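> would you be able to build a 3D model of this:
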Amino acid sequence: MIRILYLVAFSFLIISCGDQKEGKESSFKSIKIDLDEAQTLKISDHFKLKDVIYFSDSLVVDNLMKVDVHNDYLVMHCGWGLDYLLIKNMVSGEEIAISAKGEGPNQYQKLSNFFINPDGQIELLDGQAGKILTYNFEGELLSVYQNKQLQGASSLISLNGEDYFLYGGNFYAPKYGYQLLVWDKNRDEILNTYFPFNENKADFMNFIESRNFMQKPASFFQFYNPFVYQLNENSIIDSTYLNFGKHTIPEELLNKSYQDVREFSQSMAKSGYAYGVGDILLNEQFMFTSALKNEKRFHIYTSTKTKETKVYDKIDNDVFGLRVDEKIGYYHRPIVLDEKHIYFIVNLEAQHEKIESADLQKSSQSKLNQELLKLIQDYEDGDNLAIVKCELDGFKN
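Prediction:
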């Protein structure tokens, strides 16, 4: 029997409906975030530069929809027309591209998402054809699985290789009403369905995202939803509420009718409320997220154990690239975490455009950064971005 569980935003009750009622109050957690206490993020206070990853010019590395780390490998979904996976060995420098777009049996029509399964293999989701294509880290195709249940899905994860969490936002709306599904692949059976948003919330809040799941710790989240949900193998077991205090959007505003996300954002832009909560990253040490208030971006770092939170609206990057004191922007966000490291994109073209007005003597003089600065200085059209790998130093529990 399908158990339907309603996870209502701004509530910590998990309500189960069915013949066997399992109504249970979760161990509710709340993280207090005070945007009025925002400060300047000085990179050297928290991160140490460990490596800079470069890419060959034989590939176009751009529009990174999702990035994951597995041992010495970076796995990157290059989207927006590129539609391929790039596997980068950070030790040897080897690059392997998985680019098999097409309508053949061993091809994908749309690269919707990917994750690294418990066996250390890459599972690629084709939400258009309803396929999972499984690859090893040498780029070899190991298997192809097809099921109509996967059609319309935009995000997936499995913690045991059998039970899959599937999310499709508006693509799943006609069939599943924006639900998060738990699906038994072997039995082709839906085990649980969840409503992370109250059913009255505007439909646009369930639009398609490139990343809704984290593996360590296993979690689910949505743009505009102030909750992070903790997962076990086949259910949501807990939630953490991101509490913006007086800057929290009132419930009546969330329940109003908006034509689309643009209209909602415009109405929130001058409201003084925190909106656009997203870009969530997690590891065992801390959680990163971002938010907007009055069209100003904030980056938020929270200790996962102490729940201590630090909010930043400006950045002083004295570790990698040009040292520029500026307001926090979308491009300052980290793109992935592993157990001990945090990774950032360096857009060589954008930095090159600023180099004439920058004082290079104020930038980090480390050997790694001097090599990066030289590439920024010598930038030519077509050069790819770089990714910097930093050791976590200042956000300790």
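
> let me see the contact set for the residue lying closest to Asn186 once chain neighbours are set aside.
Nearest residue to Asn186 in three dimensions, chain neighbours excluded: Glu162, at 5.5 Å (CB to CB, 6 or more residues apart in numbering). Every C-beta, even on glycine, is put in place using the N, C-alpha and C of the backbone. For Glu162, the contacting residues are Asp184, Lys185, Asn186, by CB atoms under 8 Å, 6 or more residues apart in numbering.

> by neighbours, which of these wins?
Within the contacts of Glu162, neighbour counts (other CB atoms under 10 Å) peak at Lys185, which reaches 17 neighbours.

> and the spatially closest residue to that residue that is not a sequence neighbour, how far from Asn117?
Spatially, and ignoring its direct neighbours in sequence, Lys185 is nearest to Tyr164 (5.5 Å; CB to CB, 6+ apart). For Tyr164, the distance to Asn117 equals 10 Å [CB to CB, to the nearest Å].

> between these two, which has more neighbouring residues?
Applying other CB under 10 Å to Tyr164 and Asn117 shows that Tyr164 carries more neighbours, namely 24 against 17.

> can you tell me the strand partners of the host helix or strand of the more buried one and which way each runs?
Using DSSP states H and E, Tyr164 maps to strand 163-167. Counting by DSSP bridges, the strands paired with strand 163-167 are strand 155-158 (antiparallel), strand 180-184 (antiparallel).

> redo these as JSON lines? Include mean pLDDT and distance to Ile98.
Output for those, formatted as JSON lines (pLDDT from 0 to 100; distance: least, CB to CB, whole Å):
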{"stretch": "strand 155-158", "mean pLDDT": "95", "distance to Ile98": "17"}
{"stretch": "strand 180-184", "mean pLDDT": "94", "distance to Ile98": "24"}
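
> deepest-packed of the ones you listed, please.
Neighbour counts (mean count of other CB atoms under 10 Å) averaged over each of the strands paired with strand 163-167 peak at strand 155-158, with a mean of 24.

> mind listing residues that contact it?
With CB under 8 Å, 6+ apart as the test, strand 155-158 has contacts from 112-113, 115, 117-118, 123, 125, 132, 150, 164-168, 185, 209-213, 215, 218, 231.

> from those, which would you call buried?
With burial judged by 16 or more other CB atoms under 10 Å, the buried subset of the contacts of strand 155-158 is 112-113, 115, 117, 123, 125, 132, 150, 164-168, 185, 209, 211-213, 215, 218, 231.

> so of those residues, which ones are in strands?
The strands, defined by DSSP state E, take in 113, 115, 123, 125, 132, 164-167, 213, 215, 218, 231 from the buried ones among the contacts of strand 155-158.

> what's the closest of those residues to Lys270?
Distance to Lys270 across those (CB to CB) is lowest for Tyr167, with 31.5 Å.

> next, the contact list for the closest one, please.
By CB under 8 Å, 6+ apart, the neighbours of Tyr167 are Ala153, Ser154, Ser155, Leu156, Leu180, Leu181, Asn212, Phe213, Phe220.

> closest one to Gly245 out of those, please.
Nearest to Gly245 out of the contacts of Tyr167 is Phe220 (CB to CB; 24.2 Å).

> where's that closest one, which helix or strand?
strand 218-221.

> contact partners of that strand?
157, 159, 165, 167, 180, 196, 212-214, 227-232, 236, 278, 280, 282.

> please redo it, this time with the cut-off set to 6 Å
Leu159, Asn212, Phe213, Val228, Tyr229, Gln230, Leu231, Ile280, Leu282 (CB atoms under 6 Å, 6 or more residues apart in numbering).

> neighbours of Val323, how many?
Wrong residue type there; residue 323 is Arg, not Val. Using other CB under 10 Å, Arg323 has 18 neighbouring residues.

> now swap in the one 5 residues further on and tell me
A count of neighbours around Ile328, defined by other CB under 10 Å, yields 20.

> thought it was touching Ile315?
Yes - counting by CB atoms under 6 Å, Ile315 is a contact partner of Ile328 at 5.5 Å.

> any weak-confidence spans in the stretch 201-350 of the chain?
Applying pLDDT under 70 to the stretch 201-350 of the chain flags residues 201-208.

> would you check that Gln151 makes contact with Gln128?
No - Gln151 is not in contact with Gln128 according to CB under 6 Å; the separation is 7.1 Å.

> list the buried residues in stretch 353-371.
Neighbour count says stretch 353-371 has Ala358, Ser363, Ser364, Leu368, Asn369 buried, by 16+ other CB under 10 Å.

> quick one: pLDDT of the second one?
pLDDT, Ser363: 93.

> for the fourth one, same thing?
Here, the pLDDT recorded for Leu368 equals 97.

> what residues are shared contacts of Gln151 and Gln128?
Contacts common to Gln151 and Gln128, judged by CB under 6 Å, 6+ apart, are absent.

> what segments of the stretch 201-350 of the chain are strands?
Here the stretch 201-350 of the chain has its strands, by DSSP state E, counting those that start in this stretch, at 213-215, 218-221, 227-231, 236-243, 275-282, 286-293, 296-303, 309-316, 325-327, 334-337, 341-346.

> so which of those strands comes closest to Met65?
Met65 lies closest to strand 334-337 among the strands of the stretch 201-350 of the chain, at 10.2 Å (CB to CB).

> residues contacting that closest one, please?
Val67, Val69, Leu281, Asn283, Phe288, Ile342, Tyr343, Phe344, Ile345.

> look up the closest residue to the fourth one, ignoring the ones flanking it.
Read it as Asn283. Distances taken as CB to CB, 6+ apart place Leu337 nearest to Asn283, at 4.4 Å, with adjacent residues excluded.

> do you know how far the one you found is from Leu392?
Separation of Leu337 from Leu392 (CB to CB) stands at 8 Å.

> show me which of the two is the more surrounded one.
Leu337 (23 against 18).

> the more buried one pairs with what?
So, taking DSSP bridges as the rule, Leu337 has Ile342 as bridge partners.

> contacts only, for Leu242.
Applying CB under 6 Å, 6+ apart, the residues near Leu242 are Ile31, Pro226.

> could you rerun that using 7 Å?
Ile31, Ile33, Pro226, Val277, Thr289 (CB atoms under 7 Å, 6 or more residues apart in numbering).

> distance check, it against Met287.
In terms of CB to CB, Leu242 sits 9 Å off from Met287.
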